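> starting from these lines, generate the structure:
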Amino acid sequence: MNQTLVLVFLDAEGKERNIRIDDPKSDLEPTEVETAMNSIVSKNIFAGSAFVSAAKAYIITTTTEDIYDQAV
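Below you'll find the model as predicted:
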């Protein structure tokens with residue numbers, strides 16, 4: 001099972017911008033994520049359209065099931 005944390009921000013033009021983080025820690029609390037997102041917004045660390053607000057965050061969980069694997 002693989003997990004990806006997706007942080008969604010709004011930029012100065014009102015468009016959604018995403019940051020994806022592979023293998024986030026399993027015990028993330030919503031307040032931790034919100035604090036980190038607000039820190040990213042306040043530090044304005046990315047070039048281009050600035051992030052003006054944190055919009056939402058979610059985790060994508062995927063599983064992989066091999067159905068064919070030819071031995072090489």
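> would you mark the buried spots in the longest strand seen in the chain?
As assigned by DSSP state E, the longest strand anywhere in the chain is strand 51-62. Judged by neighbour count using 16 or more other C-beta atoms under 10 Å, the buried positions of strand 51-62 are 51, 54, 57. Placement of C-beta: from N, CA and C, glycine included.
> other SSEs contacting it?
Taking 3 or more C-beta pairs under 8 Å, 6 or more residues apart in numbering; DSSP states H and E as contact, the helices and strands that strand 51-62 lies on are strand 2-11, helix 30-43.
> of the ones you listed, which stretch is the most buried?
Comparing the helices and strands packed on strand 51-62 by mean neighbour count (mean count of other C-beta atoms under 10 Å), strand 2-11 comes out on top with a mean of 16.
> got the angle between that strand and helix 30-43?
Strand 2-11 runs at 40 degrees relative to helix 30-43, counting by axes from the mean of the first three to the mean of the last three C-alpha atoms, to 10 degrees.
> and the helices and strands packed on strand 51-62 as JSON lines, adding distance to residue 68?
Compiled in JSON lines, these are given as follows (distance: least, C-beta to C-beta, whole Å):
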{"stretch": "strand 2-11", "distance to residue 68": "20"}
{"stretch": "helix 30-43", "distance to residue 68": "38"}
